[in-house]
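Participant: below is the sequence, then the predicted model.
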Amino acid sequence: MPELPEVETVARLLRPKLVGRAFRGGEVRWARTVESGEPEAFLAGLRGARCVRVWRRAKFVVVDLERRGRPAGHLVCHLRMTGRLHVEKPSFDAGPHLRVRIALDDGRELFFIDVRKFGRMWFVRELDALFAELGPEPLDDAFDVDSFHTALRARSRLLKPLLLDQSFVAGLGNIYVDESLFRARLHPLANAARLDRAAAERLHSAILSAAIAREGSSFDTFYRTPEGKPGGFQDEFQVYDRAGLPCTNCGAPIVRTVVGQRGTHYCRACQPRSLKRAARARASRSK
């Protein structure tokens, strides 16, 4: 499933193509793609509205709309596992998995392609209800080390399931949690409430920054940017999908286990479960 880096990339690349454009009409080919289940109402909400902003909240792409200078709701899309958004000419070959197409006033169209049909689109007047359960954004200035450490210490939960909880931090998913924990040298089963500030600072700095610069990860054929290109971060995986391969840091084999029903990859040597043992290992490496 596309995570924060992929969705952030999609929003950034769609922005110059959509901002200033008005929606003219459209077609819903798979009715369940529209969360309301009412394709005509969905299209009616968009028709005649102009895009004024494209942004991301958690794993959602959000398009802010206006009519005659006044707010006119939002087009929201969740890509789920295989959703893709493209802005192209009407002649664009979207293939057999086209679910929604929306005409723009410059002659192009917004295409939503989704092989597995899990992706969803909404037209909503307000975002509050849709986003009510989401936690803070890692890319916001307010998400600083102190607030992150305080939030960790307030929750006596296993670290990986906590980071995957969208009400704790918005946008993190399986790949980047594994990668961030490795870079922070923290075990996925560590207790969040026991992390000291130094550990919280390492984890805070590890979360996602490198992935966004590489436009996310294309570990299968599904994720592509709105320009049709794959991401590049899969070439930099340190632990994810590398079970049995040597750790790039110490050479020990990467382990795969299951945590909270999610496949989890880590290095036993670099990410010992004992926080005291991890501290001794870091001190030894620094000598």
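Facilitator: Cool, got the structure.
Participant: quick one: Pro188 and Asp178 touch, right?
Facilitator: Yes: using CB atoms under 8 Å, Pro188 is in contact with Asp178, at 7.4 Å. C-betas here are computed from N, CA, C, even on glycine.
Participant: spit out the residues that contact those two alike.
Facilitator: Here Pro188 and Asp178 have 160, 264, 266 as joint contacts, going by CB atoms under 8 Å, 6 or more residues apart in numbering.
Participant: still on that earlier bit, show me which of Pro188 and Asp178 is the more surrounded one.
Facilitator: Asp178 (27 against 23; other CB atoms under 10 Å).
Participant: in a helix, the more buried one, correct?
Facilitator: Yes: secondary structure assignment (DSSP: H, G, I helix; E, B strand; the rest coil) places Asp178 inside a helix.
Participant: residues contacting it?
Facilitator: Residues near Asp178 by CB under 8 Å, 6+ apart: 160, 188, 239-240, 264-266.
Participant: any idea how far it lies from Arg80?
Facilitator: Using CB to CB, to the nearest Å, we find Asp178 at a distance of 20 Å from Arg80.
Participant: with Lys59 instead?
Facilitator: Noted for Lys59: a distance of 9 Å to Arg80, by CB to CB.
Participant: with neighbour numbers in mind, choose between the two.
Facilitator: More crowded of Lys59 and Arg80, by other CB under 10 Å: Lys59, with 22 against 15.
Participant: so what's Gly37 scoring on pLDDT?
Facilitator: Note for Gly37: predicted pLDDT of 88.
Participant: wait, what's in contact with Pro136?
Facilitator: Pro136 neighbours (CB under 8 Å, 6+ apart): 142-143, 147, 169-170.
Participant: run the last query once more with 6 Å
Facilitator: Applying CB atoms under 6 Å, 6 or more residues apart in numbering to Pro136 gives the contacts Phe143.
Participant: number the residues from 2 up from this point.
Facilitator: All set: I'll call the first residue 2, so the last point we hit is now Pro137.
Participant: so where does it fall, helix or strand?
Facilitator: Counting by DSSP states H and E, no helix or strand carries Pro137.
Participant: could I get the full set of helices for this protein?
Facilitator: Applying DSSP state H to the chain gives helices spanning 5-19, 40-47, 146-154, 160-165, 175-184, 198-207, 210-214, 276-287.
Participant: out of the ones you listed, deepest packed?
Facilitator: Highest mean neighbour count among those (mean count of other CB atoms under 10 Å): helix 175-184, with a mean of 24.
Participant: give me the mean pLDDT for it.
Facilitator: The average pLDDT within helix 175-184 is 92.
Participant: any idea how far Arg100 is from Val29?
Facilitator: Distance from Arg100 to Val29, by CB to CB: 7 Å.
Participant: so for the two, which sits in the more crowded spot?
Facilitator: Set Arg100 next to Val29 and count neighbours by other CB under 10 Å: Arg100 wins out with 23 against 19.
Participant: outline the domain layout of the protein.
Facilitator: Per the record, the chain has its domains at 5-125, 146-287, by automatic domain parsing.
Participant: the shortest one spans what distance, first to last residue?
Facilitator: It stands for domain 5-125. For domain 5-125, the first-to-last residue distance is 22 Å (CA to CA, to the nearest Å).
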